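> build me a model:
(2 chains)
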Amino acid sequence: MSVRTLDRPSSVQRYLARLALRRGQIITHLILILVTIGCLAPILWAISVSFMGKEDLYRATPSVLPSRITLDNYAWVLGTMTSGNSNRYPQWFLNSVIVTVLTVCIVTLVATMAGYAFGRLRFRGRDAIFYSSVLLIFVPRAGGLMALYEEMYFLHLRNSLIGLALLFSGGLSVPVFIMRQAFLHVPSEFEDAARIDGANRWQVFWKIMMPMATGAMAVIAIFTFIDVWGEYLVTITMIDFPNLYTMGVGIAGLFTGGAQVSFTEVTTYGAQAAGFLVFIFPVALVFIASQKWFIRGLSEGIKF
Amino acid sequence: MADVQSAGERFEGVDDSRVGLREWVGFVRQIKRESWGDVSGYLFILPMVLLYLAFGVWPIIRGLSMAFSDYAFLNMNQAHFDGLANFIEVADDKMFWFSLGRSAYFTILYVPINIVLPLIIATLIASVKHGKIAGFYRVVTYLPVILPIAAALLLWRQMFDEQFGYINLILTNSFNVQNPPGWLSTPELAMPVTVSAVLWKSFGSNVLLYLIGLYNINTELYEAAAIDGAGAFARWRFVTLPLLRPIFTIVFVFSAQIIGATQEPMIMFGGGGPENSVYTLGLYVYNVAFKFGALRWGYAASMSLVVGLIGMAMAAIVFRIFRPERLT
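Have a look, this model is predicted:
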């Protein structure tokens, strides 16, 4: 029996088979492509606008695509323009980085330690403490923002990036939950082996158990990063000085007419769009690069 | 099986200056016998408990206590316990009821779409066999969720700008519409546009939740149903929907609280829109607390509490309806 006597699928059919595409699925993909366009539309628009120069803005019939690509909007945003530049984007970006990195480090470390304790150690009140922290997610929050303001005011932590990081680190219910799940799934033989070899508690945790849970640690680090990077409301409540703003607050200020720029090719809309894209670039990158962990972390968290 | 030995006999001949395994195990056992258990556990949870108490628990308690007092931040000496006076005032407050109505309108527009549309999209994505393409769709639908809320909503607002926004540009150029509507300046249109912005930003979360549920359904069940003669729709109705019940519980419980959660988007779109058409309760509370006059935090907190309780009541109702214990 030779292959030549069989009908071989044409190359088109093989390509479609590789794409796992059947006729009924065409509609599915059409709809999903529409959804994709809908989701990405604002971002695509921002990309287009960010490259637009002045004349595109004031044309009688404005168009969707820029007639001429100009990088001036980006130059203004990134602070590399030389003339009349009083924006603080680079400063704001740096502030965002500081707050976010601090928060991520604190949350990851603290939640991992607590998750290990709740998952692996036995002490009185362990379950009571854990479950009350979980329950508190569902308590209605009244006056939370104001209570925070008052608290930060009296602790002199307002107008401080470190204070902000500490504040953001308070949302520990979900990370601790995830870490506890992760440690529950680690086989205890490793722990016993280490204990038999004479390690004390901290060494068991730091050298043996924690490295086994780095997947979950990555998940909560990513979640925390995404949450903190784009935070607006609490930040603007806590920080009054523009040079301490994070990027989220600064960009919003640009949108609401804080800066009217009109030199060279920079336009207000263009600058807004460029600023927006620069702002979301890190978090979008982190998100896309971490897809594998993201899905896994969410499935872990749902298993009650 | 060794005879029972005394400790002295057991360690006969062992050099006491070395702490070996047996001593260590005995020591640990002794600690465990005491009712506190493993003391190092407390050390491990100490940072978490401190941070959580300070920034997670305390604001809740303080907020609740504020709701019952006449606390105006600018006159701090006057904070005294007022009992229910705040709530009586709330019942009379016309602005409260108006903004609550706007919040309810938002909820009615937002919640049904946010429950059904993600389900459809999730079903579509789950039916895509090709792993990488499905992954692409997943990423794209969840991407708006992770965008920073302030910037994203303001960008959306720019898109709907009457003269230079994307939407009107496409309408005038490609479809030759003469007078495209002023989306955010028309009272009837402002709320739906706002709802669409929040929908765009958040529907990805529900899509993901549904996907997790769908991916966990055993495909053999579908085959068994097909063998029994169930068509596509019947399969969906009798296999998919019941097995998605825990996910529906989560989705509905979170949706039930939307009425109180419409704070941040409104602050973005600020100003309450034309003729206050998007002036929701969240915005009103924020203004009372941080913008109006004496910054009456007590009053704002009490309004927050009222709507929070409404949300909690609705969530409890949903939870009872959907109690997953019904599944064996």
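> rest of the way, CA atoms for contacts and neighbours
Will do.
> any weak-confidence spans in the stretch 51-200 of chain B?
Across the stretch 51-200 of chain B, the ranges flagged by pLDDT under 70 are B:73-83, B:176-180.
> pick out the residue of it closest to chain A.
Closest to chain A within the stretch 51-200 of chain B is B:Pro148: 3.7 Å, counting by Cα to the nearest Cα.
> list the contacts of that residue.
A:229-232, A:248, A:280 (Cα atoms under 8 Å, 6 or more residues apart in numbering or on different chains).
> now render the residues you listed as CSV, adding pLDDT and neighbour count.
Shown next, in CSV, are those (pLDDT from 0 to 100; neighbours: other Cα atoms under 10 Å in any protein chain shown):
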residue, pLDDT, neighbour count
A:Trp229, 90, 25
A:Gly230, 83, 25
A:Glu231, 85, 22
A:Tyr232, 84, 23
A:Gly248, 81, 27
A:Ile280, 88, 20
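> specify which member of the residues you listed is nearest to A:Tyr153.
Proximity of those to A:Tyr153 (Cα to Cα) peaks at A:Tyr232, which lies at 18.3 Å.
> ok, now how distant is the closest one from A:Ile280?
Distance from A:Tyr232 to A:Ile280, counting by Cα to Cα, to the nearest Å: 14 Å.
> in the lengthiest helix in chain B, what counts as buried?
The helix that spans the most residues within chain B, counting by DSSP state H, is helix B:94-127. For helix B:94-127, a neighbour-count test (16 or more other Cα atoms under 10 Å in any protein chain shown) marks B:96, B:98-107, B:109-111, B:113-115, B:118-119, B:121-126 as buried.
> so which of the residues you listed are also by chain A?
Intersecting these with the contacts of chain A gives B:121, B:124-125 (criterion: Cα under 8 Å from any Cα of the partner chain).
> so what's the residue count around the closest residue to A:Val186 other than its chain neighbours?
Leaving aside its chain neighbours, A:Val186 sits nearest to A:Met212 (7.3 Å; criterion: Cα to Cα, 6 or more residues apart in numbering or on different chains). Around A:Met212 sit 17 other residues, with neighbours defined as other Cα atoms under 10 Å in any protein chain shown.
> my read: A:Met212 touches A:Ser188, true?
No: the pair A:Met212 / A:Ser188 is not scored as a contact, 11.3 Å apart, by Cα atoms under 8 Å.
> among the contacts of B:Pro148, which ones lie close to chain B?
When contact is defined as Cα under 8 Å from any Cα, these meet chain B at A:229-232, A:248, A:280.
> farthest-separated two in these?
Farthest apart among the ones next to chain B among the contacts of B:Pro148 by Cα to Cα are A:Tyr232 and A:Ile280. That separation is 13.6 Å.
> what's next to stretch B:112-132, contact-wise?
Stretch B:112-132 has contacts (Cα under 8 Å, 6+ apart) with A:19-21, A:25, A:28, A:32, B:134, B:137-138, B:199, B:203-204, B:206-208, B:210-211, B:214-215, B:251-252.
> can you rerun that using 7 Å?
In this structure, residues lying in contact with stretch B:112-132 by Cα atoms under 7 Å, 6 or more residues apart in numbering or on different chains are A:19-20, A:28, B:134, B:137, B:199, B:203, B:206-207, B:210-211, B:214.
> among the residues you listed, which ones are buried?
The buried subset of these (16+ other Cα under 10 Å) comprises A:28, B:134, B:137, B:199, B:203, B:206-207, B:210-211, B:214.
> show me what from the stretch 51-200 of chain A comes close to chain B.
Proximity of the stretch 51-200 of chain A to chain B, by Cα under 7 Å from any Cα of the partner chain, involves residues A:62-64, A:110-111, A:113-114, A:117, A:121-124, A:140-144, A:146-148, A:167, A:169-172, A:196.
> from those, which land in strands?
Among those, no residue falls in strands (DSSP state E).
> what's the PyMOL line that selects buried ones from those?
Of these, the buried ones can be selected in PyMOL as follows, counting by 16+ other Cα under 10 Å:
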select buried, chain A and resi 62+63+64+110+111+113+114+117+121+122+123+124+140+141+142+143+144+146+147+148+167+169+170+171+172
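> identify those among the residues of the stretch 51-200 of chain A next to chain B that sit within helices.
Members of those lying in helices (criterion: DSSP H): A:110-111, A:113-114, A:117, A:144, A:146-148, A:167, A:196.
> JSON lines for these, including distance to B:Trp156 and pLDDT?
What follows is those, written out as JSON lines (distance: Cα to Cα, whole Å; pLDDT from 0 to 100):
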{"residue": "A:Val110", "distance to B:Trp156": "37", "pLDDT": "92"}
{"residue": "A:Ala111", "distance to B:Trp156": "35", "pLDDT": "92"}
{"residue": "A:Met113", "distance to B:Trp156": "41", "pLDDT": "91"}
{"residue": "A:Ala114", "distance to B:Trp156": "40", "pLDDT": "91"}
{"residue": "A:Ala117", "distance to B:Trp156": "44", "pLDDT": "89"}
{"residue": "A:Gly144", "distance to B:Trp156": "28", "pLDDT": "79"}
{"residue": "A:Met146", "distance to B:Trp156": "28", "pLDDT": "83"}
{"residue": "A:Ala147", "distance to B:Trp156": "31", "pLDDT": "85"}
{"residue": "A:Leu148", "distance to B:Trp156": "29", "pLDDT": "87"}
{"residue": "A:Leu167", "distance to B:Trp156": "29", "pLDDT": "89"}
{"residue": "A:Ile196", "distance to B:Trp156": "60", "pLDDT": "83"}
